[in-house]
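>>> sequence first, predicted model second:
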Amino acid sequence: MKIDNPAFNYDQFGHQYSGQRMTDPRIAFFVNEALADAKTILNVGAGAGSYEPADKYVIAVEPSEVMRSQRMAKQKVPAIIAKADHLPFDDNAFDASMAMVTIHHWPNIEKGLKELRRVTRNQVVIMTFDPDALDNFWNAHYFPELIEVEKARYPSIDFIQKSLSTKCDIIPIPIPLDCVDGFQEAFYGRPEAFLEKNIRQSQSAWGFLSDEIAEKLVNHLAEDLKSGEWDKKYGHFRTQGTFTCALRLIVSR
């Protein structure tokens, strides 16, 4: 699948985003460990401010007006209007930088990553999903068209490392069963969540599918949940404490 523009239109569809996509403290632990003793941090594609450390000096960059307004509602620092591929900062301006599940929205991912590296003295911390691991989640069976969208948008781990021009630490992130950050894998043990439109609307890949295809996929899951077929195949996930699949933290030092 080829996607000409990977960016999700948050100004049109992101009004309820921050209500579903929140900082999960167990995932935040890994982010904070990676940021370590950095005092000044740049957050690019900052959205509503998830995973921004409260005890650091943070500068946020966010191009979407709707997402910037949600930051203000959450009492986060106001965001600078800019894009990843042209950051208005001097070389080595920040101790560390972060980009939390955002790089797949960038039209020029390579240039954006090089910009992150340019303005950062020490670690660049990126949370993303490994496209090579996406098939390891049961939704690849129920939502194959959705997974094809994800594979077309997420850059490979190797591409990210080459763009940053450094060797990176690649950290698989275990997702807790009651994860409060509403990306797809967060609901590995709560499949009924995908039947709720407001939850799907906070997962940008659905925005690249037609209403007809999305309805077909959701109906397939709904039928198997009603019949018990999902639980027959995947019911063990309902009590599995964590699930490590495609979520990665990439740390470039």
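Arrived safely.
>>> now do the phi/psi pair for Phe208.
Main-chain torsions, Phe208, degrees, to the nearest 10: phi -100, psi 0.
>>> and the residue of the chain most remote from its centre, how far is that from Val101?
Distance from the C-alpha centroid of the chain, by Cα atoms, centre = their mean, peaks at Ser227 (32.0 Å). The gap separating Ser227 from Val101 is 33 Å, by Cβ to Cβ, to the nearest Å. C-beta: built from backbone N, CA, C; applies to glycine.
>>> circling back: ok, the residue farthest from the centre of the chain - contacts?
Counting by Cβ atoms under 8 Å, 6 or more residues apart in numbering, Ser227 touches no other residue.
>>> give me the low-pLDDT residue ranges for the protein?
The chain contains residues with pLDDT under 70 at 1-20.
>>> okay, which residue is most central for it?
So for the chain, Cα atoms, centre = their mean, it's Val101, sitting 2.5 Å from the centre.
>>> Asp85 is in contact with Pro107, correct?
Yes - Pro107 is in contact with Asp85 according to Cβ atoms under 8 Å; the separation is 7.4 Å.
>>> these two: which is more packed in?
Between Pro107 and Asp85, counting by other Cβ atoms under 10 Å, Asp85 is the more crowded of the two (17 against 13).
>>> what helix or strand does the residue nearest to the more buried one when sequence neighbours are not counted sit in?
Distances taken as Cβ to Cβ, 6 or more residues apart in numbering put Lys111 closest to Asp85, at 4.1 Å, once the chain neighbours are dropped. Per DSSP states H and E: Lys111 is located in helix 109-119.
>>> rewinding a little: ok, the residue nearest to the residue nearest to the centre of the chain when sequence neighbours are not counted - contacts?
Of all residues not flanking Val101 in the chain, Met127 sits nearest, at 5.3 Å (Cβ to Cβ, 6+ apart). Met127 makes contact with Ile27, Val31, Tyr51, Met98, Ala99, Met100, Val101, Ile173, Leu247, Arg248, Leu249, Ile250 under the criterion Cβ under 8 Å, 6+ apart.
>>> who are the contact partners of the closest residue to Pro172 other than its chain neighbours?
Of all residues beyond its chain neighbours, the one nearest Pro172 is Thr244 (5.1 Å), with distances taken as Cβ to Cβ, 6+ apart. Residues in contact with Thr244 (Cβ under 8 Å, 6+ apart) are Pro172, Ile173, Pro174, Ile175.
>>> tell me the buried residues in the strand or helix carrying Arg71?
If you go by DSSP H and E, Arg71 is part of helix 65-73. Using 16 or more other Cβ atoms under 10 Å as the test for burial, helix 65-73 gives Val66, Met67, Arg68, Ser69, Gln70, Arg71.
>>> of those, closest to Tyr154?
Met67 (20.0 Å; Cβ to Cβ).
>>> that closest one against Ser50, yeah?
No - between Met67 and Ser50 there is no contact under Cβ under 8 Å: 10.7 Å.
>>> returning to what we had before: measure the residue farthest from the centre of the chain to Asp91 for me?
59 Å.
>>> again with Gln201
In terms of Cβ to Cβ, Gln201 sits 39 Å off from Asp91.
>>> output stretch 34-49 in PDB with nothing but the alpha carbons.
Extracted C-alpha coordinates of stretch 34-49, given in PDB (Å, rounded to 0.1, in the frame of the first residue of the first chain):
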ATOM      1  CA  ALA A  34      15.800   7.400  28.800                       C
ATOM      2  CA  LEU A  35      15.600  11.200  29.400                       C
ATOM      3  CA  ALA A  36      17.700  10.600  32.500                       C
ATOM      4  CA  ASP A  37      19.300  13.800  33.900                       C
ATOM      5  CA  ALA A  38      18.500  16.000  30.900                       C
ATOM      6  CA  LYS A  39      17.300  19.400  32.100                       C
ATOM      7  CA  THR A  40      16.000  21.000  28.800                       C
ATOM      8  CA  ILE A  41      13.800  18.900  26.500                       C
ATOM      9  CA  LEU A  42      12.300  19.500  23.200                       C
ATOM     10  CA  ASN A  43       9.100  17.600  22.400                       C
ATOM     11  CA  VAL A  44       8.300  17.500  18.700                       C
ATOM     12  CA  GLY A  45       4.800  16.500  17.500                       C
ATOM     13  CA  ALA A  46       3.900  17.100  21.100                       C
ATOM     14  CA  GLY A  47       0.100  16.800  20.700                       C
ATOM     15  CA  ALA A  48      -1.700  17.300  24.000                       C
ATOM     16  CA  GLY A  49       1.500  16.700  26.000                       C
END
